[in-house]
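[1] turn this into a structure:
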Amino acid sequence: MEQTLSDPEKLFPPKTPVYFTATSRGIDGVYSTQASPHPFPTTVDESGGGFDNSTGKYTAPKSGIYFFAFSLERDDNSSRKSTSAALLKNEVVICHAFDEIDTGSLEHMLGCSATISVKKDDILYMKLIQGQTWQSVDEASTLMAFY
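    Residues are numbered from 1 along each chain as shown. The predicted structure is shown next:
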């Protein structure tokens, strides 16, 4: 059977977008739970499924190349001098962000991003390794991905 360019959707079916953006809105004040996924309770936008905002875990709905990023606002009132966090895929660190307190500055942000190959049902999340984050009413702390 011959296919022609007169019907491009048969040759190249439309790709369903897969993405999400979530924020820390809903966590009031300091978050300091370490060694477990950081929750991002407010989903701003999502298509394709896979993100659980109560746990902060993303289960990839399909295999492919994904871009992931997170940003965190650290708690400058913490007694700890530094804060670090990591993005993990199936319990393996993909990227790591670190911030050490700098006197004179009231705002500190950590960020990390990566483009990686992901298989269907891989689990990705961000976790706090040390220190604390500050969750204010704005969307300073975010987690996002797209395929």
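
[2] not counting its neighbours along the chain, what's nearest residue 55?
    Nearest in space to residue 55, with sequence neighbours left out and distances taken as Cβ to Cβ, 6 or more residues apart in numbering, is residue 37 at 5.6 Å. Just so you know, the C-beta spots here come from the backbone N, C-alpha and C atoms, and that holds for glycine as well.

[3] ok, now residue 120?
    For residue 120, ignoring the flanking residues on the chain, the nearest one in space by Cβ to Cβ, 6+ apart is residue 63 at 4.8 Å.

[4] same deal with residue 110?
    In this structure, residue 110 finds its nearest non-sequential neighbour in residue 97, 3.9 Å apart by Cβ to Cβ, 6+ apart.

[5] lowest mean pLDDT among the helices and strands, pick that one out for this protein.
    Averaged element by element with mean pLDDT, DSSP states H and E, the chain has its least confident helix or strand at helix 8-11 (a mean of 68).

[6] where in this protein is pLDDT low?
    Residue ranges of the chain with pLDDT under 70: 1-14, 28-29, 75-80, 101-107, 135-139.

[7] could you pull out the strands for it?
    For the chain, applying DSSP state E gives strands covering 19-23, 29-31, 42-47, 51-52, 57-59, 64-73, 82-89, 92-100, 109-118, 123-130, 133-135, 142-146.

[8] can you add mean neighbour count and give those strands back as CSV?
    Below are these laid out as CSV (neighbours: other Cβ atoms under 10 Å):
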stretch, mean neighbour count
strand 19-23, 20
strand 29-31, 14
strand 42-47, 14
strand 51-52, 20
strand 57-59, 20
strand 64-73, 19
strand 82-89, 21
strand 92-100, 15
strand 109-118, 15
strand 123-130, 20
strand 133-135, 23
strand 142-146, 22
